[in-house]
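K.L.:
Take this sequence and fold it.
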Amino acid sequence: MHPLDALTEIAYLLERERSSRYKSKAFRTAAKAIEGLSDGELRDPGLRRRPGIGESTFAVIQQTLAGEVPERLATLRAENAPVGGAALRAELRGDLHSHSEWSDGLTPIDAMVAAARGLGHEYLALTDHSPRLTVANGLSPERLRAQMEIVRTHRGGGFTLLTGIEVDILDDGDLDQEDDLLRALDVVVASAHSKLRMERGPMTRRLVAAASDPRVDVLGHVTGRLVEGSRGTRPPSEFDADAVFAACAASGVAVEINSRPERQDPPDELLPVAVDAGCLFSIDSDAHAPGQLSLLDYGAARAEKAGVPADRIVTTWPLERLREWLERPR
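P.N.:
Next up, the predicted model:
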């Protein structure tokens, strides 16, 4: 193993376990700092004084050069073994919900693409946030148009990066982005991020409106709950699940099975409701860093346990079939 690979894998695994962004960034910064250096330059004790190299990253470099698996890497590998649900996980061809540093992600688009390719994805939708979510550096129409041009350059060699957005569902069910832009994107994930404790009736109408909107493809983390993690916990929004999932089924909108362990959304008890309603599903990572793209195994395990039919999961479909669904009559 080369030290560059060791540093990159450590950053990836720190991202997967949702450690502090500063930890993973330190290892990615160190990896960038040693790009192109010879083994002799890497063995030089003066390397420790190079900008971007700290005590921990220097130790990883030296352990790797000695032919060892760095202690930090060995520990992270053991802590991040894949979870169950392997059968369904193997059927997933892509991911329709991810973020880059253009909004609140941690890395450039290139790093997300490299990680997706490394996982064997055929496609990935880049779905950075919309303008109203200022805390997440949501994309203005002008920034989104600029991003779309960049996204379209990441196609070929068996992989396609799809243009997209995670658009905020406004209080009345409308969407937080210009209509022409939403219609021009490959993938629109609609999610509620504010007023999640809205009363049951208004919240039902809000989600039904979004699920019935012809511009929407995926209804993201539908209850908005948090069950663990650094942000604490948050109860699920209250709404009429039968009405919301019926609207999704009628419009061909996929219900997202959000793979982040802190979300586990929809809750287990709602997945059979969506299955019985005839919904499509999208198992997504909601990744904010390259290592988090691998969280799909959590979503696959939950879907498999709930008996979600694989053929109704759009992220098991090849790109041609996926595009046919995305371009369906609205």
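
K.L.:
how's this structure carved up into domains?
P.N.:
3-79, 86-326 (automatic domain parsing).

K.L.:
what's the straight distance from one end of the shortest one to the other?
P.N.:
It stands for domain 3-79. 21 Å (C-alpha to C-alpha, to the nearest Å).

K.L.:
same thing with stretch 128-147?
P.N.:
Start-to-end, stretch 128-147 (C-alpha to C-alpha) is 10 Å.

K.L.:
and what of stretch 221-231?
P.N.:
16 Å.

K.L.:
The nearest residue to Asp171 once chain neighbours are set aside: which element?
P.N.:
Leaving aside its sequence neighbours, Asp171 sits nearest to Lys195 (C-beta to C-beta, 6 or more residues apart in numbering; 5.9 Å). Glycine gets a C-beta too; all of them are placed from N, C-alpha and C. Counting by DSSP states H and E, there is no helix or strand that carries Lys195.

K.L.:
Shouldn't Glu256 be within a strand?
P.N.:
Yes - checked against DSSP: H, G, I helix; E, B strand; the rest coil, Glu256 lies within a strand.

K.L.:
which residues does it form a beta bridge with?
P.N.:
Assessed by DSSP bridges, Glu256 has beta-bridge partners Ser282.

K.L.:
what sits against it?
P.N.:
Contact analysis of Glu256 by C-beta atoms under 8 Å, 6 or more residues apart in numbering lists 96-97, 189, 218-222, 265, 281-284.

K.L.:
coming back round to it: in this model Gly173 seems to touch the residue nearest to Asp171, though I could be wrong.
P.N.:
No - Lys195 sits out of contact with Gly173 when judged by C-beta atoms under 8 Å, with a separation of 11.9 Å.

K.L.:
Could you give the number of residues near Ala184?
P.N.:
Applying other C-beta atoms under 10 Å, we find 12 other residues in the vicinity of Ala184.

K.L.:
what phi and what psi does the backbone show at it?
P.N.:
Torsion angles at Ala184 (phi, psi; degrees, to the nearest 10) stand at phi -90, psi -20.

K.L.:
residue contacts, it?
P.N.:
Met148, Thr163.

K.L.:
And Leu322, by the same measure?
P.N.:
By C-beta under 8 Å, 6+ apart, the neighbours of Leu322 are Arg93, Gly94, Tyr123, Val314, Thr315.

K.L.:
Keep only those of those that are in strands.
P.N.:
Gly94, Tyr123 (DSSP state E).

K.L.:
Highest neighbour count among the contacts of Leu322?
P.N.:
Going by other C-beta under 10 Å, Thr315 tops the contacts of Leu322 with 28 neighbours.

K.L.:
Run through the residues that contact it.
P.N.:
Leu92, Arg93, Gly94, Asp95, Leu96, Ser282, Ile283, Asp284, Leu322.

K.L.:
let's go with 7 Å and repeat that
P.N.:
Leu92, Arg93, Gly94, Asp95, Leu96, Ser282, Ile283 (C-beta atoms under 7 Å, 6 or more residues apart in numbering).

K.L.:
ok, back up a step: which among the contacts of Leu322 gets closest to Val83?
P.N.:
Closest approach to Val83 among those (C-beta to C-beta): Thr315, at 17.2 Å.

K.L.:
Next one: the closest one from Leu133, what distance?
P.N.:
24 Å (C-beta to C-beta, to the nearest Å).

K.L.:
Now the spatially closest residue to Met1 that is not a sequence neighbour: which helix or strand?
P.N.:
Excluding its sequence neighbours, the residue lying closest to Met1 (C-beta to C-beta, 6+ apart) is Thr64, at 5.6 Å. For Thr64, the host element (DSSP H and E) is helix 55-65.

K.L.:
following that helix, which helix or strand shows up next?
P.N.:
Scanning onward from helix 55-65 (DSSP H and E), the first element met is helix 71-79.

K.L.:
now stretch 26-45, how far from the chain's geometric center?
P.N.:
A distance of 29 Å separates the centroid of the chain from that of stretch 26-45, by C-alpha atoms, centre = their mean, to the nearest Å.

K.L.:
Can you list the buried residues in that stretch?
P.N.:
Ala26, Phe27, Arg28, Thr29, Ala30, Ala31, Ala33, Ile34, Leu37, Leu42 (16 or more other C-beta atoms under 10 Å).

K.L.:
Pull that stretch out as PDB, backbone CA atoms only.
P.N.:
Output in PDB follows, covering the C-alpha atoms of stretch 26-45 (Å, rounded to 0.1, in the frame of the first residue of the first chain):
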ATOM      1  CA  ALA A  26      -6.900  16.400   8.000                       C
ATOM      2  CA  PHE A  27      -6.200  13.100   6.200                       C
ATOM      3  CA  ARG A  28      -7.400  14.300   2.900                       C
ATOM      4  CA  THR A  29      -5.200  17.400   3.200                       C
ATOM      5  CA  ALA A  30      -2.200  15.200   4.100                       C
ATOM      6  CA  ALA A  31      -2.900  13.000   1.100                       C
ATOM      7  CA  LYS A  32      -2.900  16.000  -1.200                       C
ATOM      8  CA  ALA A  33       0.300  17.300   0.400                       C
ATOM      9  CA  ILE A  34       2.300  14.200  -0.500                       C
ATOM     10  CA  GLU A  35       1.000  13.700  -4.000                       C
ATOM     11  CA  GLY A  36       3.900  13.200  -6.400                       C
ATOM     12  CA  LEU A  37       6.500  12.800  -3.700                       C
ATOM     13  CA  SER A  38       9.100  10.000  -4.000                       C
ATOM     14  CA  ASP A  39       9.600   7.300  -1.300                       C
ATOM     15  CA  GLY A  40      12.800   9.100  -0.400                       C
ATOM     16  CA  GLU A  41      11.000  12.400   0.100                       C
ATOM     17  CA  LEU A  42       8.400  10.600   2.100                       C
ATOM     18  CA  ARG A  43      11.000   9.000   4.400                       C
ATOM     19  CA  ASP A  44      12.700  12.400   5.000                       C
ATOM     20  CA  PRO A  45      12.200  13.400   8.700                       C
END
